[in-house]
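Participant: Any chance you could fold what I've pasted below:
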Amino acid sequence: RLGGVGFAELQREALERHARGYGPRAGPALPIGGLYQWRRQGEQHRWNPQTVALLQAAVQGADWEAFRKFSAAADDEIRGGATLRGFLELVPAKEPVPLDEVEPLESIVKRFVTGAMSFGSISAEAHETLAIAMNRLGGRSNSGEGGEESRRYEPDANGDLRRSAIKQVASARFGVSAEYLVNADELQIKIAQGAKPGEGGQLPGHKVDERIARVRCSTPGVTLISPPPHHDIYSIEDLSQLIYDLQAVNPRSRISVKLVSEVGVGTVAAGVTKAGAGCVVIAGYEGGTGASPVSSIQHAGLPWELGVAETHQTLVENGMRGRVRVQTDGGMRTGRDVVVAALLGAEEYGMATASLVAMGCVMLRKCHLNTCSVGIATQDPELRERFAGTPEGVVHFFLFVAREVREILARLGARSLDEIIGRRDLLHRRQEVGHWKARRLDLSPMLVMPRAPADAPRHCIEVQKKDVSDHLDRVLLQRARATLEGGAPSLIVVPVKNAHRAVGAMLSGEIARLRGAGGLPDDSIRVRLQGSAGQSFGAFLAAGVTLELEGDANDYVGKGLSGGRVIVRPPGGARFPPEENVIIGNTVLYGATGGEMYASGLAGERFAVRNSGASAVVEGVGDHGCEYMTGGVVVVLGPTGRNFGAGMSGGMAFVLDRERRFRDRCNTDMVELESLVDESDIWLVYGLVENHLRHTASPVARRVLDHWTHLVPQFVKVMPTDYKRVLQARRAAQRPPTTVPARPRLRAVEG
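Facilitator: Numbers count the residues shown, from 1 in each chain. Predicted coordinates for the structure are as follows:
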């Protein structure tokens, strides 16, 4: 992405490669390589035995001089051409400021965050140690895209808090419930990640134990697929809606969006800012938990230096920089890294791998194998016992980085980081560059100053938030206040229109804040609505709340359903057949973790995508039904579109296949199709259809129950193969062993 290489350089490189194989100095063996794993004679790695040992010695002994040695070694490596920032020099001030006039450590460390590493990718001990350390500092740890155990929301006896301040909402939606969302200072929407942009992640089944499965609302032993980001966000409008939903469920939180450093990221960041995000995260191509594919690590993404420079320039030139903060991460580990990021335009800084090294990581790069010998990237109980990391070590690391930042700021003549945000005039190209090919590298795109008025903001003045002041739930909260305080159940009747979005989300957030994941007793708050509901009707709906809609609803009905009940039926007196008309939109029950939904009519595309716990009955669905589903039960009393069950790894679906065409419309890569013969399955489906009739008065449900005996053979059970395998193994383990009865002993009898 940076010019400078010409035909002369290409020729020299080709000839040198040829000489290594066929020239007079060619040896019997090929070069060792070491692109991924560190090798003594291989490719240069910035995390190597020397730097790992130096950092760990510094943080374990709280030794500032040892950290200076680590920092010097790290900065020497980047000057050797390992990073773009290694080609840049800082311009010192003619008159440095006294160190005691620079902003204190306590202020600087609040800008630091740890990377988004989920509980599952790393152990509980490592995950909680990071959270404790960052909460002590006033910085922020990141939950990653997995869930978080409720016990971490309460402080320890000594005052430490294990709660991650940043909760991530990714395309996976693992354990994203109302309780998870309200226990956050920041909600981060993950569109992409630097180490593998455009690809989804994956937690291997052998790392999914009972504890991980419970938190992630999945099944032990079943691989957890995090689908590519385009399965979540399709447009800036969809992103804006998700920002609104999250702001509604947790109005106190800041909403951030994680992007990847690629060409054009500045334009995307401008769109994200217009959509209402308060922070934009630019992830560089370095880092990752060691589980990224080699093809991604070597051939995808860009350095964060390019992404931050482009993002800052675009936001300043379009007058948006003052309302959004810019954060970056990817291989950062020293005070110099932080200052260069600030000069290019970032004001918050993420250090993930470095924080793991501070806890004891030795960079074995086998995180995905569950064999981490220091107990960090593993769920193996024996290996986890070896974990020796401490919050103090992580605290020391970040304090050392902040101390280094203060010293550099003083040399630059600045009293705070805010003074140098976007000050590219304090950077210039190093004159001495070691690598022959790097001498012609064109760094001007990184160093160009934004074209904007002199008084245009160069850093964030005030973080913007979505306006949820006119949310319909404010009426619901007012009318249900007595119930929330322990009083009698509430019945609320209100009209609804398509301008009312995320109905139920704000109410559910308040319930989760007061009552936790358990919510309220069933039907404590019943809301009857008439009209056409807007986007995200019933989003993150908490247990104890029933939304009963006469009319229709837009996309994202029941998004993140968290134990509540959503009922949608046609208006009374409607003359059209419900089973022939669409009553709810696309992407219904996205990431639902529990609850029920009944819709008397057809649904759009991607029904129950990422559903991990909700039960639903619908009378027909569009394409991609039950996509990436990990739990719950879905009953479809009508036709389906194509690609049903794609990526489905858990839960069950039952489809009434009257036309005998479902097999051709189902994606059988990960599921098997069975007949409805098991008695427990028959009663399960019958009960759900019965509930559907009771809640919606559906003519279809009535006909199905009236002709139940004849229709049972027409149901098709969709069963994920991995889920079936795990259930069979569980039943086999619970079955008592078959033993041969011992022969009775004979006794001598007198007479």
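Participant: Could I get the full set of strands for the stretch 201-350 of the chain?
Facilitator: Secondary structure of the stretch 201-350 of the chain (DSSP state E, counting those that start in this stretch): strands at 202-203, 224-225, 254-260, 279-283, 325-329, 348-350.
Participant: Let me have those strands in JSON lines, adding mean neighbour count, mean pLDDT and distance to Thr630 as columns.
Facilitator: Every residue, glycine included, has its C-beta placed from N, CA and C. Converted to JSON lines, the strands of the stretch 201-350 of the chain look like this (neighbours: other C-beta atoms under 10 Å; pLDDT from 0 to 100; distance: least, C-beta to C-beta, whole Å):
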{"stretch": "strand 202-203", "mean neighbour count": "20", "mean pLDDT": "82", "distance to Thr630": "11"}
{"stretch": "strand 224-225", "mean neighbour count": "23", "mean pLDDT": "86", "distance to Thr630": "7"}
{"stretch": "strand 254-260", "mean neighbour count": "26", "mean pLDDT": "95", "distance to Thr630": "22"}
{"stretch": "strand 279-283", "mean neighbour count": "30", "mean pLDDT": "97", "distance to Thr630": "25"}
{"stretch": "strand 325-329", "mean neighbour count": "25", "mean pLDDT": "97", "distance to Thr630": "28"}
{"stretch": "strand 348-350", "mean neighbour count": "26", "mean pLDDT": "97", "distance to Thr630": "28"}
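Participant: could you redo those strands as CSV and give each row distance to Ala414?
Facilitator: Listed next are the strands of the stretch 201-350 of the chain as CSV, based on distance: least, C-beta to C-beta, whole Å:
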stretch, distance to Ala414
strand 202-203, 43
strand 224-225, 45
strand 254-260, 26
strand 279-283, 22
strand 325-329, 18
strand 348-350, 16
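Participant: Assess the claim that Glu619 and Ala599 are in contact.
Facilitator: Yes: contact criterion C-beta atoms under 8 Å: Glu619 and Ala599 qualify, at 7.1 Å.
Participant: I figured Gly345 hits Arg325, correct?
Facilitator: No: contact status for Gly345 versus Arg325: not in contact, 10.6 Å apart, counting by C-beta under 8 Å.
Participant: how about the CA coordinates for the helix or strand harbouring Met446, as PDB?
Facilitator: Assigned by DSSP states H and E, Met446 belongs to helix 444-447. C-alpha atoms of helix 444-447 as PDB (Å, rounded to 0.1, in the frame of the first residue of the first chain):
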ATOM      1  CA  SER A 444       4.100  10.400   2.800                       C
ATOM      2  CA  PRO A 445       0.500   8.900   3.000                       C
ATOM      3  CA  MET A 446       1.000   8.500   6.700                       C
ATOM      4  CA  LEU A 447       2.500  11.900   7.400                       C
END
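Participant: Not counting it itself, show me its contacts.
Facilitator: 1-2, 84, 88, 305-306, 309-310, 344, 424, 427-429 (C-beta atoms under 8 Å, 6 or more residues apart in numbering).
Participant: Filter these down to the buried ones, PyMOL style.
Facilitator: This is how PyMOL selects the buried members of the contacts of helix 444-447, with burial counted by 16 or more other C-beta atoms under 10 Å:
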select buried, resi 2+84+88+305+306+309+310+344+424+427
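Participant: element containing Gln168?
Facilitator: With DSSP H and E as criterion, Gln168 is part of strand 166-169.
Participant: Test my guess that Met629 contacts Ala653.
Facilitator: Yes: between Met629 and Ala653 there is a contact at 7.5 Å, judged by C-beta under 8 Å.
Participant: sorry, back to before: out of the strands of the stretch 201-350 of the chain, which comes closest to Asp473?
Facilitator: Across the strands of the stretch 201-350 of the chain, Asp473 has its closest neighbour in strand 254-260 (17.6 Å, C-beta to C-beta).
Participant: Which elements pack onto the closest one?
Facilitator: Other elements packing on strand 254-260 under the criterion 3 or more C-beta pairs under 8 Å, 6 or more residues apart in numbering; DSSP states H and E are strand 186-190, helix 236-249, helix 265-274, strand 279-283, helix 304-317.
Participant: ok, it: who's next to it in the sheet?
Facilitator: strand 186-190 (parallel), strand 279-283 (parallel) (DSSP bridges).
Participant: what's next to the last one, contact-wise?
Facilitator: Identification of contacts with strand 279-283 by C-beta under 8 Å, 6+ apart yields 186, 188, 192-195, 254-261, 265, 269, 272-273, 301, 304, 307-308, 311, 324-330, 346, 348, 350, 463.
Participant: again with the first one
Facilitator: By C-beta under 8 Å, 6+ apart, the list of residues contacting strand 186-190 from outside reads 116, 140, 142, 145, 165-171, 181, 229, 233, 239, 242-243, 246, 250, 253-258, 277, 279, 281.
Participant: buried subset of these?
Facilitator: Going by neighbour count (16+ other C-beta under 10 Å), those have 116, 140, 142, 145, 165-171, 181, 229, 233, 239, 242-243, 246, 250, 253-258, 277, 279, 281 buried.
Participant: just to revisit the earlier point, so for Leu541, which of the helices and strands packed on strand 254-260 sits nearest?
Facilitator: helix 236-249 (9.9 Å).
Participant: could you check the angle strand 186-190 makes with the closest one?
Facilitator: Computed by axes from the mean of the first three to the mean of the last three C-alpha atoms, to 10 degrees, the angle separating helix 236-249 from strand 186-190 equals 160 degrees.
Participant: ok, and for helix 236-249, which residues are buried?
Facilitator: Asp238, Leu239, Ser240, Gln241, Leu242, Ile243, Tyr244, Asp245, Leu246, Gln247, Ala248, Val249.
Participant: what comes up buried for stretch 64-73?
Facilitator: Buried residues in stretch 64-73 (16+ other C-beta under 10 Å): Ala66, Phe67, Arg68, Lys69, Phe70, Ser71, Ala73.
Participant: which residues of the stretch 601-750 of the chain fall in helices?
Facilitator: 662-665, 679-696, 699-706, 708-711, 721-734 (DSSP state H, counting those that start in this stretch).
Participant: Which of the ones you listed sits closest to Gly638?
Facilitator: helix 699-706 (7.1 Å).
Participant: what mean pLDDT does that closest one have?
Facilitator: Average pLDDT, helix 699-706: 97.
Participant: Residues touching it, excluding its own?
Facilitator: 577-579, 600, 617, 619, 637-638, 656, 686, 689-690, 692-693, 711.
Participant: Just confirm Phe607 contacts Val618, I think it does.
Facilitator: Yes: using C-beta under 8 Å, Phe607 makes contact with Val618 at a distance of 6.4 Å.
Participant: more neighbours, these two?
Facilitator: Counting neighbours by other C-beta atoms under 10 Å for Phe607 and for Val618 shows that Phe607 has the greater number, 35 against 28.
Participant: returning to what we had before: spit out the residues that contact Phe607 and Val618 alike.
Facilitator: Taking C-beta under 8 Å, 6+ apart as the contact rule, Phe607 and Val618 both touch Val588, Val634.
Participant: Ramachandran coordinates for Glu485?
Facilitator: phi -90, psi 10 (degrees, to the nearest 10).
Participant: That one: how many residues sit nearby?
Facilitator: Glu485 has 8 nearby residues by other C-beta under 10 Å.
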